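K.L.:
with the input below, show me the fold.
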Amino acid sequence: MNECRIIIMGFGSVGQGFAQAIALKKAMIKDKCGVQLKVVAAADSSSSAINQDGLDEMLLIHSKNSEGNLTAYPNDGTNISGLDVLDAVEYDLLMEATPTNISTAEPALSLTLKAFDQGKDVVTSNKGHLALKFKEVTETAKDKGVEFKYEASVGGAMPIINFTRETLASCGIKSIVGILNGTTNYILSRMASEGSPYDITLKESQELGIAETDPTQDVEGIDAACKTVILANSLLGIDATYDDVIVEGISNITSEAIELARKDGYLIKLIAEVSPETLKVSPRLVKKGSSYDVGGTLNMATIKTDLAGDVTVMGLGAGSLETASAMLTDVISILKTKY
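P.N.:
Purely as a prediction, here's the structure:
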């Protein structure tokens, strides 16, 4: 039986979601792919649990949530963190789920490049290193002969990167236009349905855990702009970075503006546009009943192709398990290719 030894870096909500997904699906993966998944290390910003023989995924989650760190994992909890974790155990695949950093791309950039140098495959949900240094990171993976996959970095559970590359492989991609941030879509949807002002709706979304305590990356369009860069590079071949995107968020949208739009049969949505001519994230009017009329934390994107016309995809754009599902799909793809 083949074995794939995994390190999970970033044991926040997405990292825990991935651990849960492995616990739920490793028997299925073993049966279908003939590969046994084994988590040999998991780490947060200051602690880790490491065991070459494998760790219990649900016990990792319990230890982290009960004590706030992974040193609480019985017998195998340590204070090893950061790049040192990659030297502390033999592994085959790095799951990189640390928080997005749009200033320096760290720690994702260093973790990813070190894994490549060690000849290891990487699956990431992170956007920072891709938004700032997409070409460097992807070309390094090619040079090192390793797999690098990042479906979860755009749209959570909404299939777009792998879908476009594989299912639409015969098509040239002209543009992608869509809703790429679940938090802002939730806020704007609630403002439209309830007539509530922005600040109250934002507070509600924070209380529900949909918006972060510091919601800046979401509400100011930064998260969607990062995803715009990733789609531009990966699907349209545009050599772009975050600085190439025109960005406007939703914090200035009033309930009065939403009501005026509603009376004319429109909604206001935060829309990302990706084309050779335009890289832009901004609030726009969309027709009620159109494909852009999606509520809650749903994401959607319309892919304009030369052969298949317009193809629209949709899926949950937020949620730890939903995002983890995209990461696990990337893992399965690697297993089918390399094992």
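K.L.:
please point out which parts of the helix or strand where residue 111 lies sit buried.
P.N.:
When secondary structure is defined by DSSP states H and E, residue 111 falls within helix 108-117. Applying a neighbour-count criterion of 16 or more other C-beta atoms under 10 Å, the buried positions in helix 108-117 are 108-109, 111-116. Backbone N, C-alpha and C define where each C-beta goes, glycine included.
K.L.:
please identify which pair of those residues lies farthest apart.
P.N.:
Farthest-apart pair in the buried residues of helix 108-117 is 108 and 116; separation 12.4 Å (C-beta to C-beta).
K.L.:
re earlier: so which of the buried residues of helix 108-117 comes closest to residue 67?
P.N.:
When the buried residues of helix 108-117 are compared against residue 67 (criterion: C-beta to C-beta), the nearest one is residue 111, at 23.8 Å.
K.L.:
next up, the contacts around the closest one.
P.N.:
Contacts for residue 111 (C-beta atoms under 8 Å, 6 or more residues apart in numbering) come out as 9, 82-83, 86, 94, 96, 98.
K.L.:
from the residues you listed, list the buried ones, please.
P.N.:
For these, a burial check counting by 16+ other C-beta under 10 Å picks out 9, 82, 86, 94, 96, 98.
K.L.:
just the ones in strands from these, please.
P.N.:
Among the buried ones among the contacts of residue 111, the members falling in strands (DSSP state E) are 9, 94, 96.
K.L.:
the last one touches residue 14, doesn't it?
P.N.:
No - contact criterion C-beta atoms under 8 Å: residue 96 and residue 14 do not qualify, at 9.9 Å.
K.L.:
give me the common contacts of these two.
P.N.:
Counting by C-beta under 8 Å, 6+ apart, the shared contacts of residue 96 and residue 14 are residue 125.
K.L.:
got the ones in strands among the buried ones among the contacts of residue 111 as TSV, with pLDDT and distance to residue 180 columns?
P.N.:
Formatted as TSV, those follow (pLDDT from 0 to 100; distance: C-beta to C-beta, whole Å):
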residue	pLDDT	distance to residue 180
9	98	24
94	98	25
96	98	20
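K.L.:
a markdown table please, covering those and showing distance to residue 204.
P.N.:
Formatted as a markdown table, those follow (distance: C-beta to C-beta, whole Å):
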| residue | distance to residue 204 |
| --- | --- |
| 9 | 32 |
| 94 | 36 |
| 96 | 32 |
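K.L.:
OK, contacts around the closest residue in space to residue 212 that isn't next to it in sequence?
P.N.:
Counting by C-beta to C-beta, 6 or more residues apart in numbering, the nearest residue to residue 212 once its immediate chain neighbours are dropped is residue 218, at 6.9 Å. With contacts defined as C-beta under 8 Å, 6+ apart, residue 218 is in contact with 181, 183-184, 211-212.
K.L.:
got the phi/psi numbers for residue 218?
P.N.:
Dihedral angles phi and psi of residue 218 (degrees, to the nearest 10) take the values phi -80, psi -60.
K.L.:
separation between it and residue 146?
P.N.:
31 Å (C-beta to C-beta, to the nearest Å).
K.L.:
check residue 198 too.
P.N.:
In this view, residue 198 and residue 146 are 44 Å apart by C-beta to C-beta.
K.L.:
residue 90 now?
P.N.:
Applying C-beta to C-beta, the value for residue 90 to residue 146 is 16 Å.
K.L.:
show me which of the two is the more surrounded one.
P.N.:
Under the neighbour definition other C-beta atoms under 10 Å, residue 90 and residue 146 were set side by side, and residue 146 has more, 20 against 10.
K.L.:
quick check: that one touching residue 117?
P.N.:
No - taking contacts as C-beta under 8 Å, residue 146 lies outside contact range of residue 117: 9.5 Å.
K.L.:
so what sits against both of these two?
P.N.:
Common contacts of residue 146 and residue 117, defined by C-beta under 8 Å, 6+ apart, are absent altogether.
K.L.:
neighbours around residue 137, how many?
P.N.:
For residue 137, the tally of surrounding residues (other C-beta under 10 Å) stands at 21.
K.L.:
how about it: what's its closest non-neighbour residue?
P.N.:
Sequence neighbours aside, residue 129 is the residue nearest to residue 137 in space, at 5.5 Å (criterion: C-beta to C-beta, 6+ apart).
K.L.:
spatially central, which residue of this structure would that be?
P.N.:
residue 153 (2.8 Å; C-alpha atoms, centre = their mean).
K.L.:
just checking, next helix/strand downstream of the helix or strand residue 122 falls within?
P.N.:
Using DSSP H and E, the element containing residue 122 is strand 121-124. Using DSSP H and E, the helix or strand that directly follows strand 121-124 along the chain is helix 128-144.
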